[in-house]
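**Student:** Generate coordinates for the sequence data below:
(one chain, ligands or ions: 2)
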Amino acid sequence: MNNLEDIGAQKNIHINPDYVPEPEKVNVKKGLEGVVIDTTKVSKVNPDSNSLIYRGYPVQDLAENCSFEEVAYLLLQGELPTLSQLKSFKETESQQRGISKTILNTLKSLPKETHPMDAIRTSVSILGCEDIKKDSSQSQDVNFEKAIQILAKIPTMVAAHYRLRQGKSVINPRTDLSFAENFFHMCFQEIPEKEIVKAFDVSLILYAEHSFNASTFTTRVVTSTQSDIYSATVAGIGALKGSLHGGANEQVMYMMLEIDDPNKAEKWMNDALVLKKKVMGFGHRVYKSGDSRVPTMKKYLQVVSDVKKELKWIKMYDALEKVMIEKKNIYPNLDFPTGPAYFMMGFDIDFFTPIFVIARTAGWSAHIIEQHNNNRLIRPLSEYVGEHQRKIIPLKERR
Ligand SMILES: CC(=O)SCCNC(=O)CCNC(=O)[C@H](O)C(C)(C)COP(=O)(O)OP(=O)(O)OC[C@H]1O[C@@H](n2cnc3c(N)ncnc32)[C@H](O)[C@@H]1OP(=O)(O)O
Ligand SMILES: O=C([O-])CC(=O)C(=O)O
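**Tutor:** Numbering: from 1, shown residues only. Ligands and ions are numbered 1, 2, ... in the order given. Next up is the predicted model:
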């Protein structure tokens, strides 16, 4: 049976082969721009006041007054921790920093040129197979425990891949160090000046959460099918990797290295704009007059520049920003200051986006828990613009 009338008769439905549907009158929201798809209590990005709050607290205040651990707790639990809650959260997190032999051996066996984002995505996927809880209830408490485990282990995976790729031995995590200090320890076997650790911690706080951005939305879509936290996190990593999202912090540094000299930055930017190039680290879907997080990160970029006695990148930053604002009224986003900051801290460029993952895991998990607690399958519509209904030409007759 290969003709539409026969199929229609068989199924007792009417299929008219000559039917040509009326063009649909729909208002397509390309890129979901401006579409509000759900409520959230996790954070609010307010482009009018150029502000960002996590659970009601301005992100600038959190960056200046809290540690990343406190902010992760806030995002996951809804309140800033008391002293004893923080102590217990830090103990639980630090004790779970170790990763399995299976993950280590997998990292060792990956092709040399594997991008760290692919390595981390694969590692989290294995973590899902190893899930010790074996509790698929998706209850808030179970997912909170799993979220801490993911938060604790991702930096170890990133650092292990970092060392292995350089042909160095893997350094075990330490439980007596803060989240930020331990990451430096695992990557470099030493902890830098306290100003550098603070700048890194601030970057993690600023990167931790940003409402329904592409990767967080991805984690919510996966969660909405009643899938698990590991699958959602793996999907989030995939979405963050792209250069229009988290991948931009790497591209910013490649661009700065290409420009090389702050005195060449103005001409480079003018040429790029003439050629209508997308300049990485500029622009944002929600903010139109600057990213709320940039002034804080720029301040800490200056701190890092001062400690490292390296002013080249911040001078280049200023020159590029000046032309972009004057010519296009487009402002830097958070990936613009973090790129050179991470570079001066000594990280390989392709590890910048994995650092973003380390931080954003907190926000993703908060959204995954929120989505589970008040779920409805996310399933939008599309406007069909393909071929109209057609008859199948038998294989032998097709040209
Ligand atoms: C932490 C984060 O993930 S922040 C985002 C990180 N991503 C980047 O830095 C990549 C560079 N930036 C971009 O590509 C965009 O600004 C995005 C993806 C962030 C936002 O994209 P959209 O909201 O879809 O904006 P869109 O791409 O439509 O830009 C609107 C206009 O501004 C221009 N524009 C926006 N960003 C840039 C940029 N970085 N360089 C040059 N022009 C730009 C566009 O060319 C377009 O101009 P036109 O109207 O003359 O065609
Ligand atoms: O909000 C966005 O679209 C992207 C962003 O800045 C983030 O995820 O931090």
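
**Student:** residues in the stretch 201-350 of the chain within reach of ligand 2, list them.
**Tutor:** Those residues of the stretch 201-350 of the chain that sit near ligand 2, judged by CB under 6 Å from any ligand atom, are 210, 213, 284, 285, 286, 333, 334. C-beta coordinates here come from the backbone N, C-alpha and C atoms, glycine included.

**Student:** mind saving the C-alpha coords of the helix or strand hosting residue 102 as PDB?
**Tutor:** If you go by DSSP states H and E, residue 102 is part of helix 101-109. The C-alpha coordinates for helix 101-109 follow below in PDB (Å, rounded to 0.1, in the frame of the first residue of the first chain):
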ATOM      1  CA  LYS A 101      39.300   5.200  38.200                       C
ATOM      2  CA  THR A 102      36.800   4.700  35.300                       C
ATOM      3  CA  ILE A 103      36.600   8.500  34.800                       C
ATOM      4  CA  LEU A 104      40.400   8.900  35.200                       C
ATOM      5  CA  ASN A 105      41.100   6.000  32.800                       C
ATOM      6  CA  THR A 106      38.600   7.400  30.300                       C
ATOM      7  CA  LEU A 107      40.300  10.900  30.500                       C
ATOM      8  CA  LYS A 108      43.600   9.200  29.900                       C
ATOM      9  CA  SER A 109      42.300   7.300  26.900                       C
END
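
**Student:** Show me what counts as buried in it.
**Tutor:** 103, 104, 106, 107 (16 or more other CB atoms under 10 Å).

**Student:** wait, the first one sits on residue 123?
**Tutor:** Yes - the pair residue 103 and residue 123 passes the contact test of CB atoms under 8 Å, sitting 5.1 Å apart.

**Student:** Find the residue closest to residue 169 in space, skipping its chain neighbours.
**Tutor:** residue 163 (6.6 Å; CB to CB, 6 or more residues apart in numbering).

**Student:** Equivalent analysis for residue 140, please.
**Tutor:** Excluding its sequence neighbours, the residue lying closest to residue 140 (CB to CB, 6+ apart) is residue 369, at 5.7 Å.

**Student:** Now do the same contact list for the one you found.
**Tutor:** 76, 140, 143, 144, 147 (CB atoms under 8 Å, 6 or more residues apart in numbering).

**Student:** ok, back up a step: got a ChimeraX select line for the buried ones in the residues of the stretch 201-350 of the chain next to ligand 2?
**Tutor:** Isolation of the buried members of these (16+ other CB under 10 Å) is achieved in ChimeraX through the command below:
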select :210,213,284,285,286,333,334
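
**Student:** Show me the contact partners of stretch 168-180.
**Tutor:** 67-69, 72, 90, 93-95, 97-98, 104, 155-156, 159-160, 163-164, 182, 185-187, 189, 191, 197, 200-201, 204.

**Student:** Just the buried ones among those, please.
**Tutor:** Looks like the contacts of stretch 168-180 have 67-69, 72, 90, 93-94, 97, 104, 155-156, 159-160, 163-164, 182, 185-187, 191, 197, 200-201, 204 buried, using 16+ other CB under 10 Å.

**Student:** elements contacting the helix holding residue 102?
**Tutor:** helix 116-130, helix 140-165 (3 or more CB pairs under 8 Å, 6 or more residues apart in numbering; DSSP states H and E).

**Student:** Mind listing what's buried along the helix or strand harbouring residue 236?
**Tutor:** Secondary structure from DSSP H and E places residue 236 in helix 229-241. Across helix 229-241, burial judged by 16+ other CB under 10 Å covers 229, 230, 231, 232, 233, 234, 235, 236, 237, 239, 240, 241.

**Student:** next structured bit after it?
**Tutor:** Assigned by DSSP H and E, the successor of helix 229-241 is helix 248-259.

**Student:** Give me the angle between whichever helix or strand comes after that next one and helix 248-259.
**Tutor:** Of the helices and strands lying after helix 248-259 in sequence (DSSP H and E), the nearest is helix 265-274. If you take axes from the mean of the first three to the mean of the last three CA atoms, to 10 degrees, helix 265-274 sits at 120 degrees to helix 248-259.

**Student:** quick check, helix 265-274 touching ligand 1?
**Tutor:** No - with CB under 6 Å from any ligand atom as the criterion, ligand 1 is not reached by helix 265-274; the gap is at least 7.0 Å.

**Student:** pLDDT weak spots in the chain?
**Tutor:** For the chain, residues meeting the criterion pLDDT under 70 lie at 1-24, 132-134.

**Student:** Residue 221 against residue 378, yeah?
**Tutor:** Yes - between residue 221 and residue 378 there is a contact under CB under 8 Å: 4.8 Å.

**Student:** So which of these two has more stuff around it?
**Tutor:** residue 221 (20 against 15; other CB atoms under 10 Å).

**Student:** Next up, the contacts around the more buried one.
**Tutor:** By CB under 8 Å, 6+ apart, the residues touching residue 221 are 235, 378.

**Student:** likewise residue 366?
**Tutor:** Contacts of residue 366 (CB under 8 Å, 6+ apart): 42, 75, 76, 147, 209.

**Student:** Would you mind trimming those residues to those in range of ligand 1?
**Tutor:** Subset of those in contact with ligand 1: empty, counting by CB under 6 Å from any ligand atom.

**Student:** Now rank these by neighbours and give me the top one.
**Tutor:** Neighbour-wise, the contacts of residue 366 (other CB under 10 Å) top out at residue 209, 28 neighbours.

**Student:** Who's the closest spatial neighbour of that one, skipping the chain neighbours?
**Tutor:** For residue 209, ignoring the flanking residues on the chain, the nearest one in space by CB to CB, 6+ apart is residue 363 at 3.2 Å.

**Student:** Likewise for residue 319?
**Tutor:** Leaving out its chain neighbours, the residue that sits closest to residue 319 by CB to CB, 6+ apart is residue 265, at 3.6 Å.

**Student:** How about residue 89, nearest residue that isn't a chain neighbour?
**Tutor:** residue 73 (5.1 Å).

**Student:** quick one: that neighbour and residue 85 touch, right?
**Tutor:** Yes - using CB under 8 Å, residue 73 is in contact with residue 85, at 6.9 Å.

**Student:** More neighbours: which of these two?
**Tutor:** Comparing residue 73 with residue 85 by other CB under 10 Å, the one with more neighbours is residue 73, at 24 against 14.

**Student:** wait, what's in contact with that one?
**Tutor:** By CB under 8 Å, 6+ apart, the contact set of residue 73 is 80, 81, 85, 86, 89.
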